[in-house]
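>>> Need the 3D shape of this:
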Amino acid sequence: MQDILNVFRLRRRRRFDASTRRLAELVLETSPFVKIDTFIAPFQTPAFLEQELPEKRKQVSVALFSHIQKAETPCFLLPGLLQLIKQFSFYHFSHFEQWLNLESGLTEQQEMEIRAKIMGKFMPRDDYQIYFPIGCNRYYWGAHFVTAHPNPDLDTFVASFWGFADAFAAKVSKGLHIWNVPAAFSQVQPLANLLEDILGKGFVPTVAQSRPHLELVAEDVVEELAKGDEESISGLTHVEQVLEKEQNRFKIDNTRYAFTSKSLSKSYLGSVSLRDFGNDTEMSFSKSIQIISVIDHHKIALKTTEAPLIQVADVQSCNVLLAEMAFQLNDRIRSYKQAGQPYFVDSKREMGEYISFLLAICDDTDFLSKVTSRDVDCVKNLLNRLQSLLNDNSAVALTFDDIKRDEAFVNNAKKRLLESDDFIAIMEKIYKAKGFDLEQQMNEAVDGNGALLFSDTKTQNGVCKVGQIKLFSWNRPSFKLKTEQLLRMWQERAIRDAREHPQHSLYLQMISTVKTIKDQELTGNDAFWLWSPEGTKHSNALQFFLKKFIQAIDFKEIDLKILLINGAECPIYEIPTEVVVESNDIQPMVILTFKAGSLNSRKAKVTPFLPWK
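Numbering: from 1, shown residues only. Next comes the predicted model:
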């Protein structure tokens with residue numbers, strides 16, 4: 001079976017009948033729109049290499065702009081543009097936008113057309129209000145960030161990337177638009193691997209930034225210093241105040257740009273959109289950055305000074321919401337085009353976002369093991385739209401019309417999706433990639449580096465650290481052999497975190513097995529590892545969770561058992577309890593075991609029972 005995501009060039013092939021698996025024929029183009037050797041040749045001369053850094057960046061920007069300007073629409077130039085940018089160690093995507101903002105000399109309309117060519121979508125700016133509060137021709141000051149949550153998973157990774165693409169195209173702010181991935185790029189590479197067939201190899205460092213704490217640096221709020229502008233010149237005296245306030249190192253590498261007293265007097269010097277989280281406890285923000293947009297499927301807790309754009313719903317993936325909004329906008333753009341207006345959405349852009357939405361939804365729902373009717377409808381629509389785009393027609397390949405919408409609808413609809421060759425191809429992409437990555441991560445953890453294995457850990461309710469390791473059935477033998485070493489490493493990491501963050505009272509690690517289409521039934525047990533630092537307050541947090549959790553579940557159905565490790569104490573419940581003595585270097589802790597695959601949802605099965613600060 002040809003992998004639907006392995007190859008890039010979009011080819012129009014013969015039409016397929018309804019029984020043919022058409023998505024396997026999808027091939028997207030990510031190569032540059034000009035030959036790399038031809039493009040970089042002028043920048044390898046001695047004369048160029050002797051230039052100062054700002055001049056080098058300017059010349060590269062001008063050359064990129066020249067080729068973008070010549071491209072015919074519709075187009076989606078971002079993947080190819082990033083491949084060109086990769087050729088220069090001194091250049092980042094943000095340098096092109098800085099040139100576009102400050103030196104291009106384009107009119108507003110011309111600049112929006114360039115942005116649209118890069119991101120593959122052109123529509124009236126007001127239509128982007130579905131994502132950002134930019135009505136009445138509003139532009140935010142300074143940089144605009146679109147950020148994933150710390151320790152990102154595929155859901156937040158995909159949601160934040162396309163959020164950045166839309167923010168750039170909409171020109172939400174007058175400054176830079178920054179895709180922020182708080183984790184180290186090496187940590188998110190397994191996620192990036194799944195999207196490189198859409199966006200090009202090694203795309204993340206070329207377009208993203210990694211800031212665990214969102215604060216501003218000079219390039220984020222830089223503005224043109226007009227010749228003879230005394231206010232701007234006097235404003236430079238205020239830069240030191242900002243330096244002290246932000247406690248950050250500022251560097252301006254081009255003397256023609258500077259802060260002005262006008263900019264430093266503003267209440268906010270930047271803005272941020274959150275994707276797949278909606279609180280200020282998981283990630284810290286500078287006080288000079290305001291939250292203006294949230295798209296999420298978890299509970300949120302925010303305080304804002306203005307009305308933000310908030311889209312929150314009880315779906316099982318943030319990308320279900322983004323897919324629904326993309327359907328609405330893409331259909332609207334087509335209606336504009338039919339009416340003779342010059343707007344477009346490029347087919348490669350549309351297919352790229354639909355494929356990435358499917359990947360994220362598949363991953364976040366554990367291959368549809370936890371879904372609602374809204375989720376399965378969204379997956380069906382994504383598959384149908386992809387097939388229609390590939391074959392340049394609107395034929396419907398999947399329908400739920402014959403499935404009664406009763407209490408059994410979700411399971412019956414899910415069964416139909418899982419019988420689809422198209423969806424199986426998507427699942428196998430994730431299954432193989434993530435299973436292989438997990439084996440590597442376990443080996444690295446045993447060798448002393450558990451950063452990736454325990455990376456999916458969230459701070460919840462201000463006092464709880466909840467992590468999850470998702471296994472496939474074929475990963476279980478390796479995990480079983482390494483369990484004691486991994487548990488010890490996890491507890492050591494928790495102890496270190498508790499020293500740095502004494503407010504954290506409960507540490508919980510979920511060990512979850514994900515059932516795939518290849519599994520008939522899962523065997524064995526999954527587990528929750530629970531540990532609290534010493535002290536009555538912390539102990540109460542552990543007991544609070546156990547009491548609420550056990551009261552809410554059918555512990556007999558999932559065969560729940562409690563293991564008390566090295567003297568851990570637990571109230572007596574009507575649950576089988578075993579006292580276990582391990583090696584002395586493991587502190588007292590509690591382990592819950594239960595049927596594999598029965599408690600996989602952190603949002604539904606853990607979060608509601610966690611204590612608050």
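
>>> for the host helix or strand of Phe436, which positions count as buried?
Remark: Phe436 resides in helix 421-446, with elements defined by DSSP states H and E. Neighbour counts over helix 421-446 (16 or more other Cβ atoms under 10 Å) mark 422-431, 433-435, 437-438, 441-442, 445-446 as buried. Where C-beta positions appear, they are placed from N, C-alpha and C, glycine not excepted.

>>> Now do that helix: which elements does it pack against?
When contacts are defined as 3 or more Cβ pairs under 8 Å, 6 or more residues apart in numbering; DSSP states H and E, helix 421-446 sits against helix 185-199, helix 347-364, helix 373-391, strand 464-472, helix 476-500.

>>> elements contacting the helix or strand just after that helix?
Later in the chain than helix 421-446, the nearest helix or strand by DSSP H and E is strand 457-460. Of the remaining helices and strands, those touching strand 457-460 by 3+ Cβ pairs under 8 Å, 6+ apart are strand 464-472.

>>> mean confidence score for the strand it packs on?
What strand 464-472 shows for mean pLDDT is 95.

>>> Give me the below-cutoff pLDDT ranges for the protein.
When residues are selected by pLDDT under 70, those of the chain lie in 1-27, 29, 218-219, 221-266, 393-396, 572, 583-584.

>>> ok, so what distance separates the most centrally placed residue in the chain from Lys470?
Centrality entry for the chain: nearest residue to the mean C-alpha point is Phe157, 1.6 Å, by Cα atoms, centre = their mean. Distance, Phe157 to Lys470, using Cβ to Cβ, to the nearest Å: 15 Å.

>>> ditto for Gln187
Distance from Gln187 to Lys470, by Cβ to Cβ: 16 Å.

>>> next one: Gln51
Applying Cβ to Cβ to Gln51 and Lys470 gives a distance of 49 Å.

>>> So if I had to pick from the two, which one is more boxed in?
Lys470 (18 against 13; other Cβ atoms under 10 Å).

>>> I figured the more buried one was touching Asp364, is that so?
No. The criterion here is Cβ atoms under 8 Å, and Lys470 misses it with Asp364 at 10.5 Å.

>>> What sits closest to Phe472 if chain neighbours are left out?
Gly435 (4.7 Å; Cβ to Cβ, 6 or more residues apart in numbering).

>>> Please apply the same query to Phe479.
Closest to Phe479 by Cβ to Cβ, 6+ apart is Leu471, at 5.7 Å.

>>> Count the neighbours of the one you found for me.
Neighbourhood size, Leu471 [other Cβ under 10 Å]: 23.

>>> where exactly do the strands run in the stretch 1-150 of the chain?
In the stretch 1-150 of the chain, the strands defined using DSSP state E, counting those that start in this stretch lie at 121-122, 143-147.

>>> what's the answer for the stretch 151-300 of the chain, then?
Under DSSP E, counting those that start in this stretch, the stretch 151-300 of the chain gives strands at 177-180, 208-209, 213-214, 223-224, 257-258, 270-275, 284-285, 289-296.

>>> need the contact list for Pro190.
Ala433, Lys434, Asp437, Leu452 (Cβ atoms under 8 Å, 6 or more residues apart in numbering).

>>> now swap in Thr513 and tell me
Thr513 neighbours (Cβ under 8 Å, 6+ apart): Lys470, Leu471, Phe472, Ser473, Arg476, Leu522, Gly524, Asp526, Ala596, Gly597, Asn600.

>>> List phi and psi for it.
Main-chain torsions, Thr513, degrees, to the nearest 10: phi -100, psi 130.

>>> measure the nearest residue to Ile289 once chain neighbours are set aside to Tyr128 for me?
Excluding the flanking residues, the one nearest Ile289 by Cβ to Cβ, 6+ apart is Gly270, at 4.4 Å. Distance of Gly270 to Tyr128, computed by Cβ to Cβ: 18 Å.

>>> Look at the two and report which has more neighbours.
Neighbours were counted for Gly270 and for Tyr128 using other Cβ under 10 Å; Gly270 has more, 25 against 21.

>>> Give me the distance between the more buried one and Pro182.
16 Å.

>>> ok, back up a step: next, the contact list for the residue nearest to Phe472, please.
Neighbours of Gly435 in contact, by Cβ under 8 Å, 6+ apart: Phe472, Trp474, Asn475.

>>> show me the contacts for the first one.
Taking Cβ under 8 Å, 6+ apart as the criterion, Phe472 is in contact with Tyr431, Lys434, Gly435, Leu438, Thr513, Val514, Thr516.

>>> Bridge partners for it, pull those for me.
Val514 (DSSP bridges).

>>> Make sure Ser532 is actually in contact with Ser539.
Yes. Between Ser532 and Ser539 there is a contact at 5.7 Å, judged by Cβ under 8 Å.

>>> ok, Asp422 touching Leu383?
Yes. Between Asp422 and Leu383 there is a contact at 5.2 Å, judged by Cβ under 8 Å.

>>> Using JSON lines, please lay out the strands of the stretch 1-150 of the chain together with distance to Met112.
Formatted as JSON lines, the strands of the stretch 1-150 of the chain follow (distance: least, Cβ to Cβ, whole Å):
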{"stretch": "strand 121-122", "distance to Met112": "8"}
{"stretch": "strand 143-147", "distance to Met112": "15"}
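
>>> before we move on, the earlier item: can I assume the residue nearest to the centre of the chain is in contact with Asn193?
No. Applying Cβ under 8 Å, one finds Phe157 not in contact with Asn193, separated by 11.1 Å.

>>> Please name the residues that touch the residue lying closest to Pro79 once chain neighbours are set aside.
Nearest residue to Pro79, sequence neighbours excluded (Cβ to Cβ, 6+ apart): Thr30, at 3.7 Å. Counting by Cβ under 8 Å, 6+ apart, Thr30 touches Phe8, Pro79, Gly80, Gln83, Asp197, Ile198, Leu199, Gly200.

>>> for those, which one is nearest Arg496?
Nearest to Arg496 among these: Leu199, at 35.4 Å, using Cβ to Cβ.
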